[in-house]
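A.B. asks: Predicted structure and sequence below. I'll ask about it afterward.
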Amino acid sequence: MCHFRSLLAGPTLRGMTFAQTPEELAIDVRDLRKSYRDVEAVRGVSFEVARGEVFCLLGPNGAGKTTTV
């Protein structure tokens, strides 16, 4: 089973299950921020990836995908 979810949608999508405990998580990111001097490359990104889950970041060029990784 494969789940796709948007970073913008957050963990409120109906019918989807999300990891509940830290032991179930492979990655847990909360309020990630990265700036290069005066430029905010990433602002307030949060997501979690459960063990065994396939996760990808999709977005246009310059959206901060590589910086987030």
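C.D. replies: Looks like it came in fine.
A.B. asks: which residue is nearest the centroid of the chain?
C.D. replies: Against the mean C-alpha coordinate of the chain, by C-alpha atoms, centre = their mean, the closest residue is residue 47 at 3.3 Å.
A.B. asks: On the three-state scheme, that residue is what?
C.D. replies: Recorded secondary structure, residue 47: strand (DSSP: H, G, I helix; E, B strand; the rest coil).
A.B. asks: for residue 24, what are its contacts?
C.D. replies: If a contact means C-beta atoms under 8 Å, 6 or more residues apart in numbering, then residue 24 has 50-51 as its contacts. Quick note: C-beta positions are derived from backbone N, CA and C, even for glycine.
A.B. asks: In terms of pLDDT, where does it sit?
C.D. replies: In the predicted model, residue 24 carries a pLDDT score of 84.
A.B. asks: What of residue 1?
C.D. replies: Per-residue pLDDT puts residue 1 at 40.
A.B. asks: swap in residue 9?
C.D. replies: At residue 9, the predicted lDDT confidence score is 42.
A.B. asks: what does residue 54 give?
C.D. replies: Model confidence at residue 54 (pLDDT) stands at 90.
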